[in-house]
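**Student:** Sequence and predicted model, in that order:
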Amino acid sequence: MASEAQESFWSGFRRNPLAVSGLALVTVLAAVALAAPLIAPYDPSAIDTFHILEPPSLAHPCGTDTLGRDCLSRLIYGARISLFVGFVAVGIATAVGTVLGAVAGFYGGWIDTAIMRLVDVMLCFPTIFLIMAVIAFLEPSIWNIMVVIGLTGWMGVARLVRAEFLSLKGRDFVLAARISGASNARILFSHILPNAIAPVLVAATLGVGNAILTESALSFLGIGVQPPTPSWGNMLTEGKDNLEIAWWLSLYPGLAILITVLGYNLLGEGLRDALDPRSRRE
């Protein structure tokens, strides 16, 4: 049964060209980030006052910035920061949302009510303003950003997991586990959760793109990743200040963000179609 399900999943995934394109984009970006020290042509922090604001050329394919640093090298190293923030923040959000959603859906009653009211309260605040308010009281560091993004982005996952648990906890295999004497913890994590993981996987994939956008927005506003660490967001800030004379400073970081978010969105949509036969495109 498991092999048949896997074959069905891969068959549906391969038939979706947009999903395959998303997977290819994500794979290339991950490879670039991992191989940054090997493929970056220059030190991303090396200042060269003799080549300030040079337009794209053979020596500097993406031009140089206001300190003469190579923009291509900074873009490549910026991919590391963006993907790292995206994965860690989504990992935190997914872990918190999965645990709270599972507990709410499995136990119900006042526990469900309390957790869902907490979700409602969290959703009342615009996420970006909530993050900005929290970071205003913290030192702007990459670790604080990842934790704050993760702890303010778990609500959607919690709702998805709760809905799956409400649907699954009355199934025959759960009743059989209860009759056999399995504990609530074993039923929750060993029997129901593995069957509810598909929407969580989709939400996590889509969440990476959102986390990267959030980090870029925070860095653009000056409260995210701080210079001289290269980040696509703080590169956009520098480009904004020199837009009329150095268009390349804004164009290439913007394209990097666009392509990355597009890749994860396409991959997430493809996973959803392949994992859910009801939404699969014919």
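**Tutor:** Sure thing, it's come through. Note that the coordinates shown come from a computational prediction; the quantities given were computed from them, not determined experimentally.
**Student:** where's the residue positioned nearest the centre of the chain, which helix or strand?
**Tutor:** Nearest to the mean C-alpha position of the chain, by C-alpha atoms, centre = their mean, lies Val208 at 1.0 Å. In this assignment (DSSP states H and E), Val208 forms part of helix 197-220.
**Student:** tilt between the helix or strand that that helix is followed by and helix 197-220?
**Tutor:** Beyond helix 197-220 in the direction of the C-terminus, DSSP H and E gives the next helix or strand as helix 232-241. Relative orientation of helix 232-241 versus helix 197-220 (axes from the mean of the first three to the mean of the last three C-alpha atoms, to 10 degrees): 40 degrees.
**Student:** And helix 232-241, what does it pack against?
**Tutor:** Helices and strands touching helix 232-241, by 3 or more C-beta pairs under 8 Å, 6 or more residues apart in numbering; DSSP states H and E, are helix 71-107, helix 197-220, helix 248-275. Backbone N, C-alpha and C define where each C-beta goes, glycine included.
**Student:** Tell me the spacing between the residue lying closest to the residue nearest to the centre of the chain once chain neighbours are set aside and Gly150.
**Tutor:** Among residues not flanking Val208 along the chain, Gly86 sits closest, at 4.2 Å (C-beta to C-beta, 6 or more residues apart in numbering). Using C-beta to C-beta, to the nearest Å, we find Gly86 at a distance of 10 Å from Gly150.
**Student:** anything in contact with each of these two?
**Tutor:** Shared contacts of Gly86 and Gly150 (C-beta atoms under 8 Å, 6 or more residues apart in numbering): Ala211.
**Student:** Just the pLDDT for the residue nearest to Val208.
**Tutor:** pLDDT recorded at Gly86 is 89.
**Student:** gap between the helix holding Val208 and the chain center?
**Tutor:** In terms of C-alpha atoms, centre = their mean, to the nearest Å, the centre of helix 197-220 is set 3 Å apart from its chain centre.
**Student:** Tell me the buried residues in it?
**Tutor:** 198-200, 202-220 (16 or more other C-beta atoms under 10 Å).
**Student:** what's in contact with stretch 179-199?
**Tutor:** Contacts made with stretch 179-199 from outside it, assessed by C-beta under 8 Å, 6+ apart, are listed as 98, 102-103, 106, 160-161, 164-165, 168-169, 173-174, 177-178, 272, 275-276.
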